[in-house]
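> Quick one: sequence and predicted model below, then my questions.
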Amino acid sequence: MNPDHAVPRLEIFAVYGIGEVRPGDDLAALICDRTELLDGDVVVVTSKIVSKAEGRVIVLDSDDPDVREAARQQAIDDETVRVVASRGRMRIVETRQGYVMAAAGVDASNVARSEIALLPVNPDASAELVREAILERIGVHVAVVVTDTMGRPWRGGLTDVAIGVSGMTAVHDPRGEFDAYGNRLGVTRVAVADELAAAADLVKGKLGGVPVAVVRGMAPDGKLADDGRGSQTLKRGVGHDLFRLGTAEAFELGRADARAGVGDAPPLHADAVDVVSAMPEDDPQVRAVREAYLGFLSARPDAMWRSCAPGHLTASALVLDPSRRAVLLTLHPRVGMWLQLGGHCEESDRTLLDAAAREAREECGIGALSFDPTPLALDVHPITCSLGVPTRHFDVQFLALAPAGAEAIPSGESIDLRWFSWDDLPPGTAPEIPALIESARRRLGDG
């Protein structure tokens, strides 16, 4: 298998004659009736016609520009889960689909003057439906990429990117391979689906009414690699986003953190008090640690944030696969030991369990983890955080179960990530891990 994503030659051509798409239209039929597809083709579809076909269009009873703009702003509010940055009426936000983009993808172009288009509810599912319909209609195996237009940090101009993917691997990951000079790649991951989206826009354009293109040649043998993860690998997780907020918003968050020691504690703080208070008291050692946590929480309303230099609460998850009696451990770059998954709390976390679940899923790529809401243990340990400041972690440790045979995908936060038999742990495992596994096994009735 070629470890690179490059191919010798590509052909990109537009699909003409699609015409106006309305709710309920069969996109697969519109495409198949207007072009000949081959196995291994990538069908690139502008999200606007997907939204139209799926009825994701707001129809107003007026074409007055002020009425339309007010409706557009309300739609942006409705589609936004987090404001990243705002300047005047311009807003960069995180959408309910998990993408960071201007105006939540709400668009007033290429629709009637009394309409506003929203993004598809689930672009990956939309891509999958079109792909399956093409297969059923003409028996051809293609990939489908649903695209939208985005700006990019530090770069002028717009480009099309993939927001929905089906039938192909969206991100090529050659980490561990060697370049022509013998250098081992450790960071490079290629957003192939985005590259295809941008290439296809060269024949679709923005003004010509051509919403579909075909890229041919990505699979010379007619078989596209597909990891089954759709567009999810294109999304940068919270733990990897160095520019999670705009400058003004980051300053405001810093001011809020600085005020946390003298202001009101966040809801996450109250949840931590409830969770720790509910820990059992029958073990004297657990009781002593529990009281230390509660004392620290009482003294520090900012105890949930890493900016609290004396120490702060963290959340972790011991991930088990009972079907193969295995535990998932990460080789931590600063500690140099095999540990359970976990990390710092974020402002978006409403509960400690939310924090543990978010960290675990980001670090291992397994979305179908299930969690026991009652922690396994509490652990206090000294550490030098990523900010370079010696501090203490008050770690609340939960139990997570992975589906049978789940395979983990390493993130950039660890040196290594592996499943180990819980009866045969590797050298360098943190000393508390065996006891944590035994606690988990007893809770599962396996101890």
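It's in. None of these values were measured; they are calculated from a predicted model. Numbering: from 1, shown residues only.
> Where is the longest strand in this protein?
Assignment by DSSP state E gives strand 370-384 as the longest strand of the chain.
> Output the contacting helices and strands for that one.
Where contact means 3 or more Cβ pairs under 8 Å, 6 or more residues apart in numbering; DSSP states H and E, strand 370-384 is packed against helix 284-299, helix 352-364, strand 390-401, helix 433-443. Where C-beta positions appear, they are placed from N, C-alpha and C, glycine not excepted.
> For the protein, which helix or strand comes out least confident on mean pLDDT?
helix 247-260 (a mean of 67; mean pLDDT, DSSP states H and E).
> all strands of the stretch 51-200 of the chain, in order?
57-59, 80-87, 90-95, 100-102, 115-117, 143-152, 155-166 (DSSP state E, counting those that start in this stretch).
> Of those strands, which is nearest E347?
With distances scored as Cβ to Cβ, the stretch of the strands of the stretch 51-200 of the chain nearest to E347 is strand 80-87 (9.4 Å).
> Can you give the strand pairings for that closest one, parallel or anti for each?
Strand 80-87 pairs in its sheet with strand 90-95 (antiparallel), by DSSP bridges.
> Mind listing what's buried along the partner strand?
Buried residues in strand 90-95, counted by 16 or more other Cβ atoms under 10 Å: R91, I92, V93, E94, T95.
> Nearest to L196 among those?
T95 (21.3 Å).
> Tell me how many other residues crowd D423.
Per other Cβ atoms under 10 Å, the neighbour tally for D423 reads 10.
> Please disregard the earlier target; I meant A430.
Using other Cβ under 10 Å, A430 has 18 other residues around it.
> Contact partners for it?
Contact analysis of A430 by Cβ atoms under 8 Å, 6 or more residues apart in numbering lists V335, M337, W338, L339.
> and which of these is nearest to P382?
Minimum distance to P382 across the contacts of A430 is 10.9 Å, recorded for V335 (Cβ to Cβ).
> That closest one belongs to a strand, doesn't it?
No: read with DSSP: H, G, I helix; E, B strand; the rest coil, V335 is coil and lies in no strand.
> my guess is V190 meets T169, correct?
No: counting by Cβ atoms under 8 Å, V190 stays clear of T169, with 10.1 Å between them.
> Who has more neighbours out of these two?
Comparing V190 with T169 by other Cβ under 10 Å, the one with more neighbours is T169, at 19 against 15.
> Next up, the contacts around the more buried one.
Counted by Cβ under 8 Å, 6+ apart, T169 has contacts V192, L224, A225, D226, D227, R229, T233.
> what about the first one, distance to S411?
Read it as V192. 19 Å (Cβ to Cβ, to the nearest Å).
> same check, this time on D148
From D148 to S411 the distance is 25 Å (Cβ to Cβ).
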